[in-house]
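>>> I'll drop the sequence and a predicted model, then ask my questions.
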Amino acid sequence: MQLQVTEIFKSIQGESTLSGTPCVFIRLTGCNLRCIYCDTVYAYEGGDWLSIDDILSKIDDYNCDLVEITGGEPLLQDGVYSLIRALLETGKLVLIETNGSIDIERAQALKQPMNQVQGKVQDKGSKIQGLKIIMDIKCPDSGMSDKINWENLSELDKNDEVKFVINSREDYDWSKEIIKKYSLTDRCHILMSPVYDNLTAGELSEWIINDNLNVRLNLQIHKYIWGESVRGV
Ligand code: SF4
(Lines give C-alpha, C1' and ligand atoms only; values in the text may rest on other atoms or scores of the structure.)
Protein backbone atom coordinates (compact mmCIF):
# COMPACT_ATOMS: atom_id res chain seq x y z
CA MET A 1 0.00 0.00 0.00
CA GLN A 2 1.31 3.45 -0.90
CA LEU A 3 0.33 6.97 0.03
CA GLN A 4 0.82 10.17 -1.92
CA VAL A 5 3.00 12.39 0.25
CA THR A 6 3.81 16.06 -0.32
CA GLU A 7 6.43 16.33 2.42
CA ILE A 8 7.72 14.91 5.69
CA PHE A 9 9.56 17.24 8.03
CA LYS A 10 10.25 18.00 11.68
CA SER A 11 9.15 21.29 13.16
CA ILE A 12 7.40 22.82 16.15
CA GLN A 13 3.75 21.88 16.60
CA GLY A 14 1.93 25.19 16.35
CA GLU A 15 -1.79 24.58 16.06
CA SER A 16 -3.13 22.47 18.91
CA THR A 17 -3.01 22.00 22.67
CA LEU A 18 0.43 20.49 22.05
CA SER A 19 1.59 23.76 20.54
CA GLY A 20 5.29 24.42 21.07
CA THR A 21 6.27 20.74 21.08
CA PRO A 22 8.71 19.23 18.54
CA CYS A 23 6.71 17.21 16.04
CA VAL A 24 7.22 15.31 12.78
CA PHE A 25 4.68 16.23 10.11
CA ILE A 26 3.49 13.96 7.32
CA ARG A 27 1.71 16.10 4.76
CA LEU A 28 -0.44 13.93 2.50
CA THR A 29 -1.27 15.18 -0.98
CA GLY A 30 -4.74 16.22 -2.12
CA CYS A 31 -7.61 18.25 -0.74
CA ASN A 32 -11.33 18.20 -1.51
CA LEU A 33 -11.82 21.81 -0.33
CA ARG A 34 -10.56 25.17 -1.60
CA CYS A 35 -10.49 27.55 1.35
CA ILE A 36 -10.03 31.17 0.31
CA TYR A 37 -7.08 31.67 2.68
CA CYS A 38 -5.41 28.29 2.02
CA ASP A 39 -1.67 28.41 2.69
CA THR A 40 -0.91 24.88 1.46
CA VAL A 41 -2.02 25.09 -2.16
CA TYR A 42 1.19 23.21 -3.06
CA ALA A 43 -0.28 20.11 -1.37
CA TYR A 44 -3.23 19.86 -3.78
CA GLU A 45 -1.24 17.64 -6.16
CA GLY A 46 2.17 16.17 -6.83
CA GLY A 47 4.36 14.69 -4.14
CA ASP A 48 5.81 11.17 -3.99
CA TRP A 49 4.17 7.78 -3.65
CA LEU A 50 5.63 6.15 -0.54
CA SER A 51 4.95 2.85 1.18
CA ILE A 52 4.16 2.80 4.87
CA ASP A 53 7.59 1.28 5.51
CA ASP A 54 9.21 4.16 3.61
CA ILE A 55 7.29 6.68 5.71
CA LEU A 56 8.13 4.92 8.99
CA SER A 57 11.79 4.81 8.01
CA LYS A 58 11.86 8.56 7.29
CA ILE A 59 10.12 9.27 10.59
CA ASP A 60 12.59 7.09 12.45
CA ASP A 61 15.40 9.38 11.34
CA TYR A 62 13.83 12.27 13.25
CA ASN A 63 13.73 10.46 16.61
CA CYS A 64 10.49 12.15 17.70
CA ASP A 65 7.51 10.64 19.55
CA LEU A 66 4.93 13.13 18.27
CA VAL A 67 3.71 12.72 14.68
CA GLU A 68 1.03 14.75 12.93
CA ILE A 69 -0.66 13.58 9.74
CA THR A 70 -1.94 16.61 7.88
CA GLY A 71 -2.62 17.78 4.33
CA GLY A 72 -4.32 18.74 2.18
CA GLU A 73 -6.95 16.51 3.65
CA PRO A 74 -5.32 13.37 5.11
CA LEU A 75 -8.52 11.30 5.38
CA LEU A 76 -8.99 11.30 1.59
CA GLN A 77 -6.41 8.55 1.13
CA ASP A 78 -7.51 5.07 2.10
CA GLY A 79 -4.00 4.11 3.19
CA VAL A 80 -4.06 6.68 5.98
CA TYR A 81 -5.78 4.25 8.36
CA SER A 82 -3.00 1.68 7.95
CA LEU A 83 -0.48 4.46 8.47
CA ILE A 84 -2.18 5.56 11.70
CA ARG A 85 -2.22 1.97 12.94
CA ALA A 86 1.45 1.48 12.09
CA LEU A 87 2.44 4.68 13.88
CA LEU A 88 0.45 3.73 16.97
CA GLU A 89 2.11 0.33 16.98
CA THR A 90 5.51 1.99 17.14
CA GLY A 91 4.36 3.94 20.19
CA LYS A 92 4.01 7.33 18.52
CA LEU A 93 1.59 9.92 19.67
CA VAL A 94 -0.48 10.60 16.53
CA LEU A 95 -2.37 13.75 15.62
CA ILE A 96 -4.71 13.82 12.63
CA GLU A 97 -5.54 17.26 11.34
CA THR A 98 -8.66 17.04 9.20
CA ASN A 99 -10.71 19.72 7.46
CA GLY A 100 -13.97 18.42 8.94
CA SER A 101 -15.66 17.44 5.70
CA ILE A 102 -14.85 13.70 5.87
CA ASP A 103 -16.44 11.23 8.27
CA ILE A 104 -14.00 10.67 11.17
CA GLU A 105 -15.65 7.48 12.43
CA ARG A 106 -13.05 5.18 10.84
CA ALA A 107 -10.18 7.10 12.38
CA GLN A 108 -11.90 7.16 15.77
CA ALA A 109 -12.34 3.38 15.62
CA LEU A 110 -8.56 3.01 15.64
CA LYS A 111 -8.42 4.48 19.11
CA GLN A 112 -10.12 1.75 21.08
CA PRO A 113 -7.63 -1.10 20.97
CA MET A 114 -4.53 1.04 20.69
CA ASN A 115 -5.18 3.61 23.33
CA GLN A 116 -5.49 1.07 26.09
CA VAL A 117 -1.97 -0.12 25.36
CA GLN A 118 -0.02 2.68 23.75
CA GLY A 119 -1.78 5.81 24.91
CA LYS A 120 0.15 8.81 26.03
CA VAL A 121 -2.10 11.84 25.65
CA GLN A 122 -3.57 12.85 28.98
CA ASP A 123 -7.10 14.15 28.56
CA LYS A 124 -9.16 16.42 30.78
CA GLY A 125 -10.14 13.43 32.91
CA SER A 126 -8.27 10.23 33.54
CA LYS A 127 -8.50 8.55 30.14
CA ILE A 128 -5.29 8.20 28.21
CA GLN A 129 -5.04 8.06 24.45
CA GLY A 130 -2.48 7.72 21.69
CA LEU A 131 -4.50 9.25 18.87
CA LYS A 132 -5.94 12.72 18.79
CA ILE A 133 -8.17 14.20 16.13
CA ILE A 134 -7.96 17.91 15.40
CA MET A 135 -10.93 18.89 13.30
CA ASP A 136 -11.39 22.20 11.52
CA ILE A 137 -14.80 23.79 11.61
CA LYS A 138 -14.68 25.93 8.48
CA CYS A 139 -15.99 29.44 9.16
CA PRO A 140 -18.02 31.37 6.56
CA ASP A 141 -15.08 33.50 5.31
CA SER A 142 -13.29 30.32 4.21
CA GLY A 143 -16.03 29.82 1.61
CA MET A 144 -16.25 26.17 2.69
CA SER A 145 -18.61 26.12 5.67
CA ASP A 146 -21.27 24.34 3.63
CA LYS A 147 -18.89 21.36 3.39
CA ILE A 148 -18.78 20.65 7.13
CA ASN A 149 -19.80 17.16 8.15
CA TRP A 150 -21.72 18.13 11.29
CA GLU A 151 -22.21 14.51 12.33
CA ASN A 152 -18.49 14.41 13.10
CA LEU A 153 -19.12 16.52 16.20
CA SER A 154 -20.89 13.65 17.91
CA GLU A 155 -17.86 11.43 17.18
CA LEU A 156 -15.39 13.64 19.03
CA ASP A 157 -14.14 12.74 22.50
CA LYS A 158 -12.59 14.87 25.20
CA ASN A 159 -9.05 14.41 23.91
CA ASP A 160 -9.98 15.69 20.49
CA GLU A 161 -9.89 19.28 19.38
CA VAL A 162 -11.88 21.50 17.07
CA LYS A 163 -10.27 24.49 15.42
CA PHE A 164 -11.96 27.63 14.15
CA VAL A 165 -9.77 29.67 11.83
CA ILE A 166 -11.10 33.20 12.28
CA ASN A 167 -10.81 35.76 9.49
CA SER A 168 -13.20 38.46 10.74
CA ARG A 169 -15.61 39.49 13.47
CA GLU A 170 -18.36 37.74 11.50
CA ASP A 171 -16.40 34.47 11.63
CA TYR A 172 -15.87 34.94 15.37
CA ASP A 173 -19.57 35.57 16.09
CA TRP A 174 -20.54 32.59 13.93
CA SER A 175 -18.08 30.38 15.84
CA LYS A 176 -19.53 31.46 19.18
CA GLU A 177 -22.95 30.40 17.98
CA ILE A 178 -21.64 27.00 16.85
CA ILE A 179 -19.87 26.44 20.17
CA LYS A 180 -23.12 27.14 21.98
CA LYS A 181 -25.40 25.23 19.62
CA TYR A 182 -23.34 22.02 19.79
CA SER A 183 -22.19 22.41 23.44
CA LEU A 184 -18.62 22.07 22.19
CA THR A 185 -17.11 23.18 25.48
CA ASP A 186 -18.38 19.95 27.03
CA ARG A 187 -17.26 17.76 24.14
CA CYS A 188 -13.61 18.57 23.41
CA HIS A 189 -10.89 21.21 23.39
CA ILE A 190 -11.69 24.33 21.34
CA LEU A 191 -9.04 26.27 19.44
CA MET A 192 -9.39 29.64 17.77
CA SER A 193 -6.76 30.81 15.35
CA PRO A 194 -6.60 34.15 13.49
CA VAL A 195 -5.94 34.05 9.75
CA TYR A 196 -2.33 35.20 9.51
CA ASP A 197 -2.12 38.71 8.00
CA ASN A 198 -5.92 39.21 8.02
CA LEU A 199 -6.71 39.36 11.74
CA THR A 200 -4.25 40.13 14.51
CA ALA A 201 -3.76 37.86 17.49
CA GLY A 202 -4.41 40.95 19.64
CA GLU A 203 -7.85 41.59 18.15
CA LEU A 204 -8.94 37.97 18.51
CA SER A 205 -7.55 37.84 22.06
CA GLU A 206 -9.56 40.90 23.07
CA TRP A 207 -12.78 39.38 21.75
CA ILE A 208 -12.10 36.12 23.62
CA ILE A 209 -11.26 37.95 26.85
CA ASN A 210 -14.27 40.27 26.64
CA ASP A 211 -16.59 37.32 26.09
CA ASN A 212 -14.80 35.17 28.69
CA LEU A 213 -14.90 32.46 26.06
CA ASN A 214 -13.61 29.04 27.15
CA VAL A 215 -11.34 28.50 24.14
CA ARG A 216 -7.60 28.36 23.54
CA LEU A 217 -5.94 31.02 21.35
CA ASN A 218 -3.98 29.22 18.71
CA LEU A 219 -1.24 30.80 16.61
CA GLN A 220 0.54 29.32 13.63
CA ILE A 221 3.81 29.38 15.54
CA HIS A 222 5.95 28.32 12.57
CA LYS A 223 4.95 31.51 10.73
CA TYR A 224 6.10 33.66 13.62
CA ILE A 225 9.40 31.76 13.84
CA TRP A 226 10.28 31.26 10.18
CA GLY A 227 7.98 33.60 8.23
CA GLU A 228 4.76 32.84 6.41
CA SER A 229 6.03 31.53 3.09
CA VAL A 230 8.70 29.04 4.19
CA ARG A 231 7.78 25.41 3.47
CA GLY A 232 8.85 22.32 5.38
CA VAL A 233 8.98 23.98 8.80
S1 SF4 B 1 -8.81 22.29 3.93
FE2 SF4 B 1 -6.72 22.99 4.36
S3 SF4 B 1 -5.50 22.31 2.59
FE4 SF4 B 1 -7.66 22.16 2.00
S5 SF4 B 1 -8.10 24.09 0.97
FE6 SF4 B 1 -8.67 24.34 3.12
S7 SF4 B 1 -6.85 25.22 4.14
FE8 SF4 B 1 -6.20 24.37 2.13
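Thanks, I have it.
>>> V24: what secondary structure?
Using DSSP: H, G, I helix; E, B strand; the rest coil, the three-state assignment for V24 comes out as strand.
>>> ditto for M135
Strictly by three-state DSSP, M135 counts as strand.
>>> for the chain, what spans make up the strands?
Per DSSP state E, the chain has strands spanning 2-12, 22-28, 48-51, 66-70, 93-98, 121-122, 128-129, 131-136, 161-166, 189-194, 216-217. These are given in chain order.
>>> near the ligand at all, the second one?
Same thing as strand 22-28. No. Between strand 22-28 and the ligand, judged by Cβ under 6 Å from any ligand atom, nothing touches; the nearest distance is 9.3 Å. (Each C-beta comes from the backbone N, C-alpha and C, glycine too.)
>>> buried residues in that strand?
Under the neighbour-count criterion of 16 or more other Cβ atoms under 10 Å, strand 22-28 has C23, V24, F25, I26, R27, L28 buried.
>>> kindly reformat the residues you listed as TSV containing distance to W207 and pLDDT.
Converted to TSV, the buried residues of strand 22-28 look like this (distance: Cβ to Cβ, whole Å; pLDDT from 0 to 100):
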residue	distance to W207	pLDDT
C23	28	95
V24	34	97
F25	29	97
I26	34	98
R27	31	98
L28	33	98
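>>> going by distance to the ligand, which of those residues wins?
R27 (9.3 Å; Cβ to the nearest ligand atom).
>>> isn't that closest one right next to I8, touching?
Yes. Using Cβ atoms under 8 Å, R27 is in contact with I8, at 7.3 Å.
>>> how about the contacts made by G20?
The contact partners of G20, by Cβ atoms under 8 Å, 6 or more residues apart in numbering, come to I12, Q13, G14, I221.
>>> so for V121, what's the pLDDT?
V121 carries a pLDDT score of 52 in this model.
>>> K223 too?
On the pLDDT scale, K223 is placed at 74.
>>> tell me which residue lies nearest the centroid of this protein.
Nearest to the geometric centre of the chain sits E97, at 2.5 Å (Cα atoms, centre = their mean).
>>> gap between that one and the ligand?
In this view, E97 and the ligand are 9 Å apart by Cβ to the nearest ligand atom, to the nearest Å.
>>> so that residue touches G71, yeah?
Yes. Counting by Cβ under 8 Å, G71 is a contact partner of E97 at 7.4 Å.
>>> which sections of this protein are below the confidence cut-off?
By pLDDT under 70, the weakly predicted segments of the chain are 112-129, 229-233.
>>> where does it come near the ligand, residue by residue?
C31, L33, R34, C35, C38, T40, A43, G71, G72, E73, N99.
>>> generate a ChimeraX selection restricted to the buried subset of those residues.
To isolate the buried ones among those in ChimeraX, judged by 16+ other Cβ under 10 Å, type:
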select :31,33,35,38,43,71,72,73,99
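>>> look up how far D103 lies from the residue lying farthest from the centre of the chain.
Outermost residue of the chain with respect to the C-alpha centroid, by Cα atoms, centre = their mean, is N210; its distance is 26.7 Å. Going from N210 to D103 by Cβ to Cβ, to the nearest Å gives 36 Å.
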